[in-house]
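S.K.: sequence-free structure coming up:
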């Protein structure tokens, strides 16, 4: 459901985070010129606080009226501490706090792990509800 990706992008961008849409997944790897460093390390030098990579939502259940979707939201940063902080910021934006809950529920937790030198990834999944084909946020 593309409406979920659009909603996530709007919320996270409004919070001041650098967010890439699913179709922009290759952007950090592109644009490499001869004599220049490239790849994720170079992209993270341009975005030292890291960035958020959105993925397409996956349908989990659908009873004809309500549908539950899970969507992975990856935080990518140059250090484990930065990645953990970015993932926590994403979680606060999407899930809110106990006194002021947000529209998304955490479903599959994750913790930062190294995927390359100077690149850490944390990719938890969040749950969202749609009622009669309309996002319920």
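M.R.: Perfect, I can see it now. As the structure is a computational prediction, the values presented were derived from the model and not from experiment.
S.K.: quick check: the gap between residue 137 and residue 95.
M.R.: From residue 137 across to residue 95, the span is 12 Å (Cβ to Cβ, to the nearest Å). Every C-beta, even on glycine, is put in place using the N, C-alpha and C of the backbone.
S.K.: mutual contacts of these two, please.
M.R.: Shared contacts of residue 137 and residue 95 (Cβ atoms under 8 Å, 6 or more residues apart in numbering): residue 104.
S.K.: for residue 84, which non-adjacent residue is spatially closest?
M.R.: By the measure of Cβ to Cβ, 6 or more residues apart in numbering, the closest residue to residue 84 outside its immediate chain neighbours is residue 112, 5.2 Å from it.
S.K.: sorry, that was for residue 101
M.R.: residue 95 (6.9 Å).
S.K.: point out where the protein drops to low pLDDT.
M.R.: In the predicted model of the chain, residues 31-38 satisfy pLDDT under 70.
S.K.: for this structure, which strand is longest?
M.R.: Longest strand in the chain, counting residues (DSSP state E): strand 66-77.
S.K.: and the residue nearest to residue 84, what does it touch?
M.R.: 75, 77, 80, 83, 84, 87, 120, 121, 122.
S.K.: and the strands in this protein?
M.R.: 19-20, 51-54, 58-62, 66-77, 105-108, 113-116, 119-122, 125-131, 134-135.
S.K.: return the distance of the last one from the chain's centre.
M.R.: The gap between where strand 134-135 is centred and where its chain is centred comes out at 19 Å by Cα atoms, centre = their mean, to the nearest Å.
S.K.: quick one: strands adjacent to that strand?
M.R.: Strand pairing for strand 134-135, determined by DSSP bridges: strand 125-131 (antiparallel).
S.K.: quick check: angle from the strand it pairs with to strand 66-77?
M.R.: Going by axes from the mean of the first three to the mean of the last three Cα atoms, to 10 degrees, strand 125-131 is angled at 150 degrees with respect to strand 66-77.
S.K.: what does strand 125-131 rub up against?
M.R.: Contacting residues not belonging to strand 125-131 are listed as 1, 3-4, 7, 57, 60, 65-73, 94-95, 103-108, 135-137 [Cβ under 8 Å, 6+ apart].
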